[in-house]
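**Q** the sequence and its predicted three-dimensional model are supplied below.
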Amino acid sequence: MSNTNTWWIYALLSACFAALTTIFAKVGVENVNSNLATAIRTVVILVVAWGIVFAQGSMVNLSEIPPKTMFFLLCSGAATGLSWIFYFKALQEGKASLVAPIDKSSLVLVLLFSVLFLHEPLSWKILLGTFLIAIGTLVLIF
């Protein structure tokens, strides 16, 4: 299988690990401040991510990364951090079965933003899928 056909395997693995993340996190935030839980999680992610970079020999001089690329990676990191902080707080206070669908409804925003900012094509399939995701989320939470 060529690299161009394996993206869906990585996406499926991502979904599986995201599901496990929710279950582990829900149990993990029972007796600890949600921000501390996020900080602990972040340390683990840092160690794993940097370990993979060094193990693969992917480390480059950070000054070689174009400024625009670095800016957007930093923005992505800030957005991820804020997402995790709010996600862990929501998990601490709510049911995982309700928090997760709302969190995953971010897909609706991704589809919208990909059209607006990345100029990705909008098709009837995207519109229908986005509508069904939004309706499905509402059905799950109400």
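**A** That came through, no problem. Residues are numbered from 1 along each chain as shown.
**Q** CA only for contacts and neighbour counts going forward, please
**A** Noted.
**Q** got the buried residues for the lengthiest helix in the chain?
**A** The residue-count maximum for a helix in the chain (DSSP state H) belongs to helix 67-93. Neighbour counts over helix 67-93 (16 or more other C-alpha atoms under 10 Å) mark 84-85, 87-92 as buried.
**Q** just put these in TSV and tack on distance to Leu116 and pLDDT.
**A** Shown next, in TSV, are the buried residues of helix 67-93 (distance: C-alpha to C-alpha, whole Å; pLDDT from 0 to 100):
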residue	distance to Leu116	pLDDT
Trp84	25	93
Ile85	27	94
Tyr87	25	94
Phe88	29	93
Lys89	30	95
Ala90	29	95
Leu91	31	93
Gln92	34	93
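**Q** and the residue nearest the centre of the protein?
**A** Note on the chain: the residue nearest the mean C-alpha position is Thr80, at 7.1 Å, using C-alpha atoms, centre = their mean.
**Q** domain map for the protein?
**A** 3-92, 105-142 (automatic domain parsing).
**Q** what average pLDDT does the last one get?
**A** Meaning domain 105-142. Domain 105-142 shows a mean pLDDT of 91.
**Q** quick one: end-to-end length of it, please.
**A** 14 Å (C-alpha to C-alpha, to the nearest Å).
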